[in-house]
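S.K.: predicted structure and sequence below. I'll ask about it afterward.
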Amino acid sequence: MAGYKILVLHGPNLNLLGQRDPGVYGTRTLQDIDQMLTKRASELKAEVESFQSNSEGALIDKIQQAYSDVDGILVNPGALTHYSYSLRDALSAAALPLVEVHLSNVFSRESFRHHSVISPIADGMLCGLGADSYILGLEALLKIIKNQRS
């Protein structure tokens, strides 16, 4: 899997990880997760670029700026999961392998969290595994990219 570059997008409020509702989201910080991803990517001979924003527009701008320079996208859209058609459109327009991740099991929470506008365009989705959702999502994304290119 040598040489693949992955854009990791973290949506609104994920900058508060470790502080915000640790019973649901765990005690790891966003920095912890990014370090875990960087380490695992390196072990897999890949590279990650992480970006977090509370602004839908900033996430869309990042996708548009980076999509020609990356091989795939790993995204935790946060609350944008449920209603952001503009984020969905940007991810779809990028036409890259895409894996959606969530720290919590969205299907065991409030009913509005059960619907994702991102999942139908994603190659896969992981949820409920805490920070491991990101690691497993990265591994799956790299396999998807490799399989598409072989």
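M.R.: That came through fine.
S.K.: tally of neighbours for T29?
M.R.: Taking other CB atoms under 10 Å as the criterion, the count of residues near T29 is 16. Glycine gets a C-beta too; all of them are placed from N, C-alpha and C.
S.K.: doesn't L17 make contact with it?
M.R.: Yes. T29 is within contact range of L17, at 5.3 Å (criterion: CB atoms under 8 Å).
S.K.: need the helices for the chain, in chain order.
M.R.: 22-25, 30-43, 56-66, 85-94, 132-149 (DSSP state H).
S.K.: spatially speaking, which residue is in the middle of this structure?
M.R.: Among the residues of the chain, V75 comes closest to the average C-alpha position under CA atoms, centre = their mean, at 1.8 Å.
S.K.: can you redo the helices of the chain as CSV with mean pLDDT, mean neighbour count and distance to A122?
M.R.: Conversion of the helices of the chain to CSV gives the following (pLDDT from 0 to 100; neighbours: other CB atoms under 10 Å; distance: least, CB to CB, whole Å):
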stretch, mean pLDDT, mean neighbour count, distance to A122
helix 22-25, 60, 12, 21
helix 30-43, 97, 16, 18
helix 56-66, 97, 17, 14
helix 85-94, 97, 17, 8
helix 132-149, 96, 19, 10
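S.K.: take those helices and lay them out in a markdown table including distance to A79.
M.R.: Rendered in a markdown table, the data for the helices of the chain read as follows (distance: least, CB to CB, whole Å):
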| stretch | distance to A79 |
| --- | --- |
| helix 22-25 | 13 |
| helix 30-43 | 15 |
| helix 56-66 | 10 |
| helix 85-94 | 11 |
| helix 132-149 | 16 |
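S.K.: for L126, find the nearest of the ones you listed.
M.R.: helix 132-149 (4.5 Å; CB to CB).
S.K.: from memory the residue nearest to the centre of the chain sits against P97, does it?
M.R.: No. Applying CB under 8 Å, one finds V75 not in contact with P97, separated by 11.4 Å.
S.K.: indicate which one of the helices of the chain is closest to N13.
M.R.: The minimum distance between N13 and the helices of the chain falls on helix 22-25, with 9.2 Å, by CB to CB.
S.K.: please name the nearest non-neighbouring residue to G3.
M.R.: The shortest distance from G3 to any residue other than its chain neighbours is 7.0 Å, reached at K45 (CB to CB, 6 or more residues apart in numbering).
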